[in-house]
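> Return atomic coordinates for the entry below.
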Amino acid sequence: MPPKADINKAGWEQSEFPILCETCLGANPFVRMSKQEFGRSCGTCARPFTVFRWNPGSGARYKATVICQTCAKVKNVCQTCLLDLEYGLPTQVRDTALAVQSEAPTSDINREYYAQNMESKMGDGTTSMMQVGSRASSAGKEMLKQLARTNPYYKRNRPHICSFFVKGECKRGDECPYRHEKPVENELSHQNIQDRYHGRNDPVARKIMATHADTQGLKPPEDQSITSIFLSSLPASATEATVRTHVVNSLPQVPSSQLKSVVHVTKSRCAFINFKDRFSAERAAEAWANGLDIDGERIIVKWGRSRNTNATKATGASSSTSVAVPMAVDT
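Model prediction:
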């Protein structure tokens, strides 16, 4: 317990061993770590914590913890790579599949206070915000099982690219501990620790979910005017209100204000979910790649399809006019 004279250290973390995934820990069973109390501030809550540094194996770069254990426990992630400890996936993928809404504040003023409250709750045995297995849908669990990385991916521990080699000035040759490769400039090159932890605007997560949606037959159509998702095989008890409720609850990453309308066809037991923009529709398709559970039944999800309204030709209107009214589904 810190001395009373230094009240600022009351919320600082002291730990004996880090919370790590198998990949970051490395294949070497005899890992030697250095420990530095209050070595740096947490990358999410900004509180000082105990920093661990180690080499995960031969030819790998030295790694270190970047967030405190409280933040790692709240999200159930590794202190170094910030990936989920159970599935090895980014938090945005996991939270989207399990329909988890992050309640953590993102402002600098409130995040330290939130971390302290979560630490006291978990210390009292209160349920963590990530213990949502009983509430998760079967479609979301199935999605995570398909995407989960079951084996360690030690390639992630490779050394960084040599900046001198990029400039053509490295003279160490084969003795250089860094990689002599040209960096690839794409969206994956720009990642933010806050976005990765809170599961928002994560380019790695977007790539994983978009690829999975393509394999499940939900590749976005080329027509950018299509912003509708088609749901079929709805339960006989489904109504427009129940469908809307399930849609909103299963899309915590998409604001409810982006939902334009829900058109429920009772006779055909289907519904059209219309969004205000293409971005929201694509996020919905990715979240429902394995289907959508409504009243215990798995609902088939497809993209809507627009049609050209040639009927206006008879009324003297232009025949090239088109509307983005979903009348059928892509097969």
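
> Give me the helices and strands touching whatever helix or strand residue 196 lives in, please.
Secondary structure from DSSP states H and E places residue 196 in helix 193-198. In terms of contacts (3 or more Cβ pairs under 8 Å, 6 or more residues apart in numbering; DSSP states H and E), helix 193-198 is packed against helix 91-98. Any C-beta I mention is one placed from the backbone N, CA and C, and that applies to glycine too.

> Any idea how far the helix it packs on is from the middle of the chain?
5 Å (Cα atoms, centre = their mean, to the nearest Å).

> Would you mind listing the outside residues contacting that helix?
75, 77, 82-84, 87, 100-102, 132, 136-137, 140-141, 143-144, 147, 196-200, 202, 205-206, 208-209, 252-253, 283, 286-287 (Cβ atoms under 8 Å, 6 or more residues apart in numbering).

> Among the residues you listed, name the buried ones.
Buried by 16 or more other Cβ atoms under 10 Å: 75, 77, 82-84, 87, 100, 102, 136-137, 140, 143-144, 147, 196-200, 202, 205-206, 208-209, 252-253, 283, 286-287, out of these.

> Let me see the domain layout of the protein.
For the chain, automatic domain parsing gives the domain ranges 1-211, 216-329.

> Can you add mean pLDDT and give those back as JSON lines?
As requested, the domains of the chain are exported to JSON lines (pLDDT from 0 to 100):
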{"stretch": "domain 1-211", "mean pLDDT": "83"}
{"stretch": "domain 216-329", "mean pLDDT": "82"}
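
> With adjacent residues omitted, what lies nearest to residue 272?
residue 263 (4.3 Å; Cβ to Cβ, 6 or more residues apart in numbering).

> what do you get for residue 297?
Using Cβ to Cβ, 6+ apart, the nearest residue to residue 297 is residue 235, at 5.0 Å.

> So which residue is smack in the middle of this structure?
residue 92 (1.0 Å; Cα atoms, centre = their mean).

> tell me the SS of residue 67?
coil (DSSP: H, G, I helix; E, B strand; the rest coil).

> so who does it touch?
With Cβ under 8 Å, 6+ apart, residue 67 has these contacts: 42-45, 49, 77, 79, 82, 193, 197.

> Please narrow those to those residing in strands.
residue 49 (DSSP state E).

> No further queries at this time; thank you.
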